[in-house]
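Engineer: Below are the sequence and a predicted model; questions follow.
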Amino acid sequence: MTYKDDLDKLRKEARIDVDDFSNATPEKASAKSSSKYPLPSKDSSPKAPADEGKAPAPQESLTFTQEEKKMTWWQKISLPFIRNSFLSVLFFVLITLIWIAISHTVLGSIRNVDRRTQVLFMLKDGIFMIILATVMYRLFLTQFANTYHLEEDYKKAQEEIKMWQSIQRSQMETIPETLAYTLDRDFRYTSFNTRHKYSMLRMWHSEIKIGDCLLDHITDDGIREIIKKDLEQTLKGEYTSQTSKFGDNDQTAIFWQYYYAPVLDEKKNIIGISCYVNNITALKQSQNKNLFLSFHDPLTQLYNRIHVEGAFAKAEREEIAPYSIIVIDIQGMHQVNENYGTKTGDNLLIKVGEVLQKAVKDSGDVARWGSDEFLILLPGTEAATAEALANICKCDFSGVTVNGVPLRAHFGYATRTDMSRTLTDVLRSAELQSMQSRQ
């Protein structure tokens, strides 16, 4: 199943009937986006229709952009002249010179001014108008151009914005196995990658859009308050990180690592928040597995020697007494491995662990102390109770076979009644009793 098919399935489950933003054109995406964060259009000027059978010729657009529509009527009238400054000034000079020639000729004929004087006046006025036109041309190129933001500058700025938007999208989409998004100070989306959009749809059955408030899509009140608190702390300038667990079972739970960082402008003012979310479930499971193997026997899944030594140290610190220890020494493991194979020997040890755990239940801890030696740690247990539990284990062992091999073991137990003895001494006493039961 492809990503698009999976996304369509999630939308149907959430009863969302919208187009896929990942396949939408910029024009469609802009229509779907909030008006607070409009996407820039490719060209605000309409194309002139081409003649039939001919390629369309490039023409100068005379319509106004969105910014130019906000101008006054005087600015709108002067704008076409600004766009064609040189032609406008040249047209002004020609009309002015024609007017000077006609007006001086008419006035000279009325006042009987000689021809030479008329030419001098026409030359004087012509030079004045050329200087005036030059000044007007400079004004058109400087003051008006900078004030009204000509279309070429607007297009160049739009292209630069598109380039940086493309770079940002590329960076967010190529971060491996990471959900990335940015928010403004009102916790509204300014950008997000496809992984985050897919995750929000899968978890909250809600499709996000630019301009939406993140908290509005989270339906769990507890999670919403936690995320809101972290975001508010980030707006204060703090870099925060936390791990969230979804699910009660550690084997099937999903773990997410959240990183929040403030977004600063050139003046170091906080204008938003950048968020990165990593799925660390595999890392957590690996850590839990390593932690389990550190204190458990990989074959029987019982506690190992490291756990026993830690339990002894804890009991000494807390001065736990009485404290009983039962030693179980499996009989004939060497012969079993030689005659029936190590597979049967391993199954036999696993069966021992199952029988001991069933007998002990919550009374104490069962541990594999050596290759064929097991311990039962019973903190706060009197000698009589330890003896009774050892007899129960003996009864449970009788009649148990693994691949036709009977389960036989020697038992020994000892109890510390006060803090005059260490647990190491108690263990030696239990082992000695186990060895004496062999004879």
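Structural biologist: Structure received. Residues are numbered from 1 along each chain as shown.

Engineer: Mind listing residues that contact the helix or strand encompassing K289?
Structural biologist: Under the criterion of DSSP states H and E, K289 resides in helix 281-295. Residues from elsewhere that reach helix 281-295, judged by C-beta atoms under 8 Å, 6 or more residues apart in numbering: D250, Q251, A253, I254, F255, Y303, N304, I306, H307, G310. (C-beta placed from N, C-alpha, C; glycine too.)

Engineer: For the last one, the count of nearby residues, please.
Structural biologist: Pointing back at G310 there. 12 (other C-beta atoms under 10 Å).

Engineer: sorry, back to before: export the contacts of helix 281-295 to a markdown table and append columns for secondary structure, pLDDT and distance to W164.
Structural biologist: Below are the contacts of helix 281-295 laid out as a markdown table (DSSP: H, G, I helix; E, B strand; the rest coil; pLDDT from 0 to 100; distance: C-beta to C-beta, whole Å):
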| residue | secondary structure | pLDDT | distance to W164 |
| --- | --- | --- | --- |
| D250 | coil | 66 | 43 |
| Q251 | coil | 68 | 44 |
| A253 | coil | 80 | 39 |
| I254 | strand | 82 | 34 |
| F255 | strand | 86 | 34 |
| Y303 | strand | 95 | 58 |
| N304 | coil | 95 | 57 |
| I306 | helix | 94 | 55 |
| H307 | helix | 94 | 57 |
| G310 | helix | 94 | 56 |
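
Engineer: who wins for neighbours among the residues you listed?
Structural biologist: Y303 (21 neighbours).

Engineer: residues in contact with it?
Structural biologist: F295, H296, D297, A311, D365, V366, A367, R368.

Engineer: between the residues you listed, which has the most around it?
Structural biologist: Neighbour counts for these peak at R368, which has 26 neighbours (criterion: other C-beta under 10 Å).

Engineer: gap between that residue and R138?
Structural biologist: Going from R368 to R138 by C-beta to C-beta, to the nearest Å gives 95 Å.

Engineer: Now the helix holding K289: buried residues?
Structural biologist: T281, K284 (16 or more other C-beta atoms under 10 Å).

Engineer: pLDDT-wise, which helix or strand of the protein ranks last?
Structural biologist: Least confident helix or strand of the chain, by mean pLDDT, DSSP states H and E, is helix 26-32 with a mean of 40.

Engineer: I am assuming I326 contacts A386, so please confirm or correct that.
Structural biologist: Yes: applying C-beta atoms under 8 Å, one finds I326 in contact with A386, separated by 6.0 Å.

Engineer: Neighbour count for those two, which is higher?
Structural biologist: A direct count of neighbours by other C-beta under 10 Å for I326 and A386 places I326 higher, at 27 against 23.

Engineer: can you tell me the helix or strand for the more buried one?
Structural biologist: Per DSSP H and E: strand 323-330 holds I326.

Engineer: Listing partners with orientation, what would you give for that strand?
Structural biologist: strand 373-379 (antiparallel), strand 409-416 (antiparallel) (DSSP bridges).
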